[in-house]
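Q: Prediction below, plus the sequence it came from.
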Amino acid sequence: MAKVTVDGIEVEVPNGSNVLQACEAAGKEVPRFCYHERLSVAGNCRMCLVEIEKAPPKPFASCAYPVADGMVVHTDSEMVRKARRGVMEFLLINHPLDCPICDQGGECDLQDQAVGYGGDHSRYAENKRAVKDKNLGPLVKTVMTRCIHCTRCIRFSTEIAGVSEMGATARGESMEVGTYVEKALTSELSGNLIDICPVGALTSKPYAFVARPWELKKTDSVDVLDAVGASIRVDARGGEVLRILPRLNEDVNEEWLADKSRFAVDGLKRRRLDSCWVRRDGKLAPATWPEAFAAIAAKLAGLDGGRIGAIAGDLCDAESMAALKDLMGALGSANLDCRQDGAALDASRRDFYCFNTSIAGIEEADALLIVGANPRREAPLVNARIRKRGLAGAFPVAAIGTPADLTYPVTWLGDSPAALAEPAVRDMLKAAKRPMMIVGQGALARADGAAVLAACWALAAECGLLGAEWHGFNVLHTAASRVGALDLGFLPGPGGRDLAGMMGGGVDVLWLLGADEFDTSRIGADTFVVYQGHHGDRGAARADVILPGAAYTEKQGTYVNTEGRVQRGALAVYPPGDAREDWTIIRAFAGSIGKVLGYDDLPALRARLEQANPVFARPDILPRFGCGDLTGPAGGGAPGSAAFVSPVANYYQTDPISRASPTMAECTAAHHPAAALAAE
């Protein structure tokens, strides 16, 4: 540790730190544009100038100057103030006077630092230069005349996203930042370029000219468009969600957010279900809540519980699934399932279906085997963490599945379960001290999924992935509701039917709770379908009764991410029309048919969650455990020879919200034209 004195305050910082970090440790603000704590040091904006005693009498760029023991730093001397004013004057020479029309206005580092550290006038009267705007695709808007050449976007795309598409051409006044060949950015993390740009050069194209930041109500919540559970901030005006931004969470998403989670927001106001519908004479007709409840009650009257079933969708909160399970129990039904894809998940132990290493724990691993997963498509933030660990060195990665560009070096061992027996797999895992394995839904959502799961666990036990201090076995989910549903036991009870058993007339009444990710044509022609959800998607098209629910931004909800981390989303806006929070709909229907669920408000329902599984009593806390029991999950027979296929063919359209989003449709047209044509 080096002792450094900053403006009279002595601090200790690790050797190898830079002066700017020492200043931050002392609580002193140092302006900067190019420096970012998660990116490599560029040292090219020169705004973070400080004065250092016993060094040459000139200002130093603090981000690029290493600390030394006994160093004395001044951050607010006359020399420093004059130097910063000079740098700011140079930065503003060519910067256009766009503040009144710039989407960055009110959130702009250049505005803030010009006021705090700049001068009150400029000595330059020459014409400003102009730079042609670049087309980076449907998500990121460019006004490159505003660019100050901080190179944050270049370093992010190269280092964090792993897609080297941004760069600088020419030198001096002719320098321009952009893609070398004009094309849409292909990274699933491209929206983060907007957040890290310190000026208005890169802004959100769908959000352009929509609102000012001071007009928005900001609500902290959690993302549900994949199973990572990123911390987000929902910005709304009136009854409309206008944008979604990431919140800092070092354990999950750091400060990044995947593009679908950020830009599918416009899908929240399209194709919405805002009133009840009942099918009469073969056609859906508008109905009131009492009429919809009466239609369902009439079908349930006198029906044996074994002829009733329920399927939970991928975006459901734990409260609504608990209420639906209790309703099915009150009706005498054990026909429950949350696995729309048919994944063979063993719920007898939590570590059989969780990401046990944790997302942050990836950085502690020293070898990785990926089985039947494409993390770049299925969980871009997990993929970014794997890449981050790979850049730190000594981290071999092997994969079994369809070869793809995961943004880091990967040794592809094969595409079928047979590759699990390859000697190279065992050699790599056994040579590591903390090896880990990621098993994707592409390996489990198949006929031999149980056998594949058992084989993967057996390999983990054999190769030292399971120990008292380290748990290297991980299941990567794609559905935000899946782990919570497994924690609640939303699975077939004794004698109950799974999803496949409920198809083809297996039940007479089928309740779909936001379930849209399976082939609804498999449902029996005579099965009475109740669809409860927020979008007019596949399930609603097959329904006989539609009950309008609330989207994740419109209710208080509990979600459990792929790690098993319990998180709570918050209500940012109210549901449209007659739509209501899902658990209240189920509670109201139960009351209408004389069934008592035992709770009338959210605290009572959450107490019921804790009663069902104690993990729900620990929101935002994720204890990490080793593995004391090497007994594996149940799995009969040997795995087959079919190749693993990722369940996410088109990253941009995986759920009802993103399928309703015009922005996601544009991304699909840009990156998956075949899928866009098929959708039309």
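A: In hand now; what should we look at?
Q: what about the closest residue to Pro66 other than its chain neighbours, how many residues close to it?
A: Nearest residue to Pro66 in three dimensions, chain neighbours excluded: Asn18, at 5.9 Å (C-beta to C-beta, 6 or more residues apart in numbering). For every residue, glycine as well, the C-beta is placed using N, CA and C. Counted with other C-beta atoms under 10 Å, residues neighbouring Asn18 total 20.
Q: Need the pLDDT of Asn18.
A: Reported pLDDT at Asn18 in the predicted model: 94.
Q: residues touching it, list them.
A: Asn18 makes contact with Val41, Ser62, Cys63, Ala64, Tyr65, Pro66, Val67, according to C-beta atoms under 8 Å, 6 or more residues apart in numbering.
Q: Could you look up the SS state of the closest residue to Glu462 other than its chain neighbours?
A: Nearest residue to Glu462 in three dimensions, chain neighbours excluded: Arg426, at 7.2 Å (C-beta to C-beta, 6+ apart). Secondary structure state of Arg426, per DSSP: H, G, I helix; E, B strand; the rest coil, is helix.
Q: Same check on Val439?
A: Of the three states, Val439 takes strand according to three-state DSSP.
Q: in the sheet, who's paired with it?
A: Note on Val439: beta-bridge partners by DSSP bridges are Val371, Val475.
Q: Measure how buried the residue nearest to Glu462 is and give me the count.
A: Arg426 - counted by other C-beta under 10 Å - has 15 other residues nearby.
Q: That one contacts Ala461, correct?
A: No - the criterion here is C-beta atoms under 8 Å, and Arg426 misses it with Ala461 at 12.0 Å.
Q: Common neighbours of those two, please.
A: Listed as contacting both Arg426 and Ala461 by C-beta under 8 Å, 6+ apart is no residue at all.
Q: Apart from its chain neighbours, what residue comes closest to Asp76?
A: Closest to Asp76 by C-beta to C-beta, 6+ apart is Asp7, at 6.7 Å.
Q: Enumerate every residue touching the spatially closest residue to Ala398 that is not a sequence neighbour.
A: The shortest distance from Ala398 to any non-neighbouring residue, by C-beta to C-beta, 6+ apart, is to Thr411 (4.6 Å). Thr411 is in contact with Pro396, Val397, Ala398, Ala399, Ala424, counting by C-beta under 8 Å, 6+ apart.
Q: again, but for Asp448
A: Counting by C-beta under 8 Å, 6+ apart, Asp448 makes contact with Pro417, Gly637, Ala638, Pro639, Gly640, Ala642.
Q: Need the max-distance pair from the residues you listed.
A: Spatial extent of those (C-beta to C-beta) is set by the pair Gly637 and Ala642 at 13.7 Å.
Q: of the two, who's got more company?
A: Legend: neighbour count by other C-beta under 10 Å for Gly637 and Ala642, higher for Ala642 (12 against 9).
Q: Please report the distance of Leu368 from Glu563.
A: Look at Leu368 and Glu563: by C-beta to C-beta, to the nearest Å, they are 16 Å apart.
Q: same thing with Met503?
A: Using C-beta to C-beta, Met503 is found at 32 Å from Glu563.
Q: Save the contacts of Thr411 as CSV, and put in secondary structure, neighbour count and pLDDT too.
A: Listed next are the contacts of Thr411 as CSV, based on DSSP: H, G, I helix; E, B strand; the rest coil; neighbours: other C-beta atoms under 10 Å; pLDDT from 0 to 100:
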residue, secondary structure, neighbour count, pLDDT
Pro396, coil, 18, 96
Val397, strand, 20, 97
Ala398, strand, 21, 96
Ala399, strand, 26, 96
Ala424, helix, 12, 92
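Q: okay, now the closest residue to Leu622 other than its chain neighbours: neighbour count?
A: Nearest residue to Leu622, sequence neighbours excluded (C-beta to C-beta, 6+ apart): Arg565, at 4.4 Å. Arg565 has 25 neighbours, counted by other C-beta under 10 Å.
Q: give me phi/psi at Ala322?
A: Torsion angles at Ala322 (phi, psi; degrees, to the nearest 10) stand at phi -60, psi -40.
Q: got it, and Asp235?
A: Dihedral angles of Asp235 (phi, psi; degrees, to the nearest 10) stand at phi -100, psi 120.
Q: Look up which residues are beta-bridged to it.
A: Lys218, Arg243.
Q: Could you point out which residue ranges in the chain have low pLDDT?
A: 674-680 (pLDDT under 70).
Q: Quick check: Pro213 touching Glu107?
A: Yes - in this structure, Pro213 is within contact of Glu107 by C-beta under 8 Å, at 5.3 Å.
Q: of these two, who's got more company?
A: The residue with more neighbours, out of Pro213 and Glu107, is Glu107; 16 against 13, by other C-beta under 10 Å.
Q: ok, now which ones touch Lys555?
A: Contact analysis of Lys555 by C-beta under 8 Å, 6+ apart lists Asp317, Gly569, Leu571, Pro575, Glu581, Asp582.
Q: Correction: the previous question concerned Glu126.
A: Ile93.
Q: Now for it, which secondary structure element holds it?
A: Glu126 belongs to no helix or strand when elements are defined using DSSP states H and E.
Q: One more: Ile546?
A: Element membership for Ile546, per DSSP H and E: strand 545-548.
Q: partner strands of that strand, parallel or antiparallel?
A: strand 276-280 (antiparallel), strand 528-533 (parallel).
Q: Any buried residues in the helix or strand just after it, and which?
A: Next along the chain after strand 545-548, taking DSSP H and E as the criterion, comes strand 557-560. For strand 557-560, a neighbour-count test (16 or more other C-beta atoms under 10 Å) marks Gly557, Thr558, Tyr559, Val560 as buried.
Q: In its sheet, which strands sit next to strand 557-560, and in what direction?
A: Strand 557-560 has the following strand partners under DSSP bridges: strand 566-569 (antiparallel).
Q: Okay, angle between the next helix or strand after the strand it pairs with and strand 276-280 too, please.
A: Per DSSP H and E, the first helix or strand lying C-terminal to strand 566-569 is helix 582-592. Angle, helix 582-592 to strand 276-280, by axes from the mean of the first three to the mean of the last three C-alpha atoms, to 10 degrees: 60 degrees.
Q: Which strands or helices does helix 582-592 pack on?
A: Packing partners of helix 582-592 (3 or more C-beta pairs under 8 Å, 6 or more residues apart in numbering; DSSP states H and E): helix 289-300, helix 318-330, strand 528-533.
Q: after the longest one, next one along is what?
A: What that stands for is helix 318-330. According to DSSP H and E, the helix or strand after helix 318-330 is strand 335-337.
Q: Pull up the pairing partners for that following strand, direction included.
A: Applying DSSP bridges, one finds strand 335-337 paired with strand 308-312 (parallel).
Q: Correct me if wrong: Glu159 contacts Ser40.
A: Yes - between Glu159 and Ser40 there is a contact under C-beta under 8 Å: 6.3 Å.
Q: More neighbours: which of these two?
A: Between Glu159 and Ser40, counted using other C-beta under 10 Å, the more crowded position is Glu159 (15 against 12).
Q: Verify the stated contact: Arg659 with Gly267.
A: Yes - using C-beta under 8 Å, Arg659 is in contact with Gly267, at 7.2 Å.
Q: Those two: who's more crowded?
A: Gly267 (25 against 22).
Q: who's in contact with that one?
A: Going by C-beta under 8 Å, 6+ apart, Gly267 touches His535, Pro656, Ile657, Ser658, Arg659, Ala660, Ser661, Pro662, Thr663, Met664.
Q: Report how many residues lie close to Pro494.
A: What Pro494 shows, counting by other C-beta under 10 Å, is a neighbour count of 5.
Q: How about Asp112?
A: 13.
Q: Confirm Ser40 sits in a helix?
A: No - Ser40 is assigned coil when assessed by three-state DSSP, not a helix.
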